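S.K.: Quick one: sequence and predicted model below, then my questions.
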Amino acid sequence: MSETHPSRRTVLGAVAATAAAPLLAGVPAARAAARRGDLLFVSPWKGTQIHGARFDPGSGALTPLGPVGDAPSNWTARHPAKPLLYVGGSEDGGIVHTYAIDRTTGALTPTGAPVRTDAGGTAGGGVSYLGVDRPSGTLLVANFEAGLAASLPLAKGLPGPPVSVVQDTGSGPNPRQNGPHVHHVTIDPTGRHALVADFGVDRVLVHGFDRSTGVITPGTGSYATAPGSGPRRVLFHHRGRTAYVLNELSGDLETLDWRHGALTPRQRLPLDSDAFTGTKSGAELALSGDGRFVYASSRGENTLVVFAADARTGLLTLVQRIPSGGLKPWSFTLHRGGDWLLAANQASNTVTVFAVDRTRGTLTAAGAPVPFPAPACLTFLDR
């Protein structure tokens, strides 16, 4: 298991040595790349432009296309079938913007009206997550600053006004937990529950969800994480009886039993090595397509961490801890084919491509990190 970490000088030096990709229209190589591979959208946190890239799933090559659209981006998600990109903005009101995607060039064109997710209130921005529940045709929104979760119906792919907004209350012991801060919303495998990870109150709240209407109904159940842990992500295993909760502030990953709308703790594992003494910061969480491996990122130790999931129990075993190829891996994404993982290293302005060993789950860096400005979210539009 590798525990070698790149220094900030080494990472930033590598970035500086490669100039950022210019606009698509002025670069023949970029125009050629636009005709092959899958489109990847790279958005910064509280940024003003989204960058595009082409990814070749045969070789793992990542080719920047430069800025493809102006957008006040925090987080992005794509429609599961249409060439549409949803962008959670940083403006007050928790605004969701929709962009039509040019499949050839990656250019983004605003379409439809921007939608507020605070039900007309005065909530701040800080949309920390967007996700589509495909069976119900609903866009799920987590607003970190406002401490709320919202659901927006999708009509021909375009989001309408929220059909539900659920406001959290409370706080936690950490100075960053001065109020509710919703970080993630996901639907359970039955489609009857919406789970909300609230970083600010150290709870995963269990609400009702109606797939016929897309409405989230405030529930009375919740799972209390450790005080000051800051839950950030919730992930269900394909088998439906196990959930994983990634805690940002305590930098650990919990395995929980999921039965009859209730979470019961079973296991808690650290993301960072025993030698790490810095500030912990768990960031992203994903499950392999076959359900055999769970991937997480640590912005504290600047690593990607691989766990094997027991097929019967869902319990996790550490497989690998590897440097993310940069600083502060804010998020990552698994390519649909399962052979590649791309990590967004926000503080070092790079995206690193990793080859995935689908038998063992392990990661191997595939080439040098590719420069992008402050990448925080990576969203594929697959061919």
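M.R.: Good, I have the coordinates. Numbers count the residues shown, from 1 in each chain.
S.K.: Low-confidence ranges, the stretch 251-383 of the chain, go.
M.R.: 383 (pLDDT under 70).
S.K.: How much space separates P159 from P375?
M.R.: 24 Å (Cβ to Cβ, to the nearest Å). Backbone N, C-alpha and C define where each C-beta goes, glycine included.
S.K.: buried stuff in stretch 183-190?
M.R.: 183-188 (16 or more other Cβ atoms under 10 Å).
S.K.: Name the nearest of those residues relative to E254.
M.R.: H184 (13.8 Å; Cβ to Cβ).
S.K.: So that closest one is in contact with R232, correct?
M.R.: Yes - at 6.5 Å, H184 and R232 qualify as touching, with contact defined as Cβ atoms under 8 Å.
S.K.: any common contacting residues for these two?
M.R.: Both H184 and R232 are contacted by A197, under the criterion Cβ atoms under 8 Å, 6 or more residues apart in numbering.
S.K.: Name the SS class of the nearest residue in space to N174 that is not next to it in sequence, please.
M.R.: Closest residue to N174 apart from its sequence neighbours, by Cβ to Cβ, 6 or more residues apart in numbering: G228 at 4.7 Å. With DSSP: H, G, I helix; E, B strand; the rest coil as the basis, G228 sits in coil.
S.K.: Offset the numbering so it begins at 3, please.
M.R.: All right, first residue 3 from here; so that's G230.
S.K.: Quick check: bridge partners of T244?
M.R.: Following DSSP bridges, T244 is listed with bridge partners D259.
S.K.: burial of it, as a residue count?
M.R.: Close neighbours of T244, defined as other Cβ atoms under 10 Å, add up to 23.
S.K.: now G230
M.R.: 15.
S.K.: so it makes contact with S252?
M.R.: Yes - using Cβ under 8 Å, G230 is in contact with S252, at 6.8 Å.
S.K.: who's in contact with the residue nearest to N176?
M.R.: Contacts of G230 by Cβ under 8 Å, 6+ apart are 174-176, 179, 204, 251-252.
S.K.: per-residue confidence at it?
M.R.: With respect to pLDDT, G230 scores 98.
S.K.: For stretch 185-204, list the C-alpha coordinates in CSV.
M.R.: Taking C-alpha atoms only, stretch 185-204 is exported to CSV below (Å, rounded to 0.1, in the frame of the first residue of the first chain):
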residue,chain,number,x,y,z
HIS,A,185,-24.9,18.3,1.9
HIS,A,186,-26.6,15.4,0.1
VAL,A,187,-30.0,14.0,-0.8
THR,A,188,-30.6,10.5,-2.1
ILE,A,189,-33.5,8.1,-2.6
ASP,A,190,-33.4,4.7,-1.0
PRO,A,191,-33.7,1.5,-3.1
THR,A,192,-37.4,1.1,-2.3
GLY,A,193,-38.1,4.6,-3.6
ARG,A,194,-40.1,5.4,-0.5
HIS,A,195,-37.6,7.4,1.5
ALA,A,196,-35.4,10.4,0.9
LEU,A,197,-32.2,10.5,3.0
VAL,A,198,-30.6,13.8,3.8
ALA,A,199,-27.1,14.1,5.0
ASP,A,200,-26.9,17.3,7.2
PHE,A,201,-23.3,18.3,7.8
GLY,A,202,-24.4,21.0,10.3
VAL,A,203,-26.5,18.9,12.7
ASP,A,204,-24.6,15.6,12.6
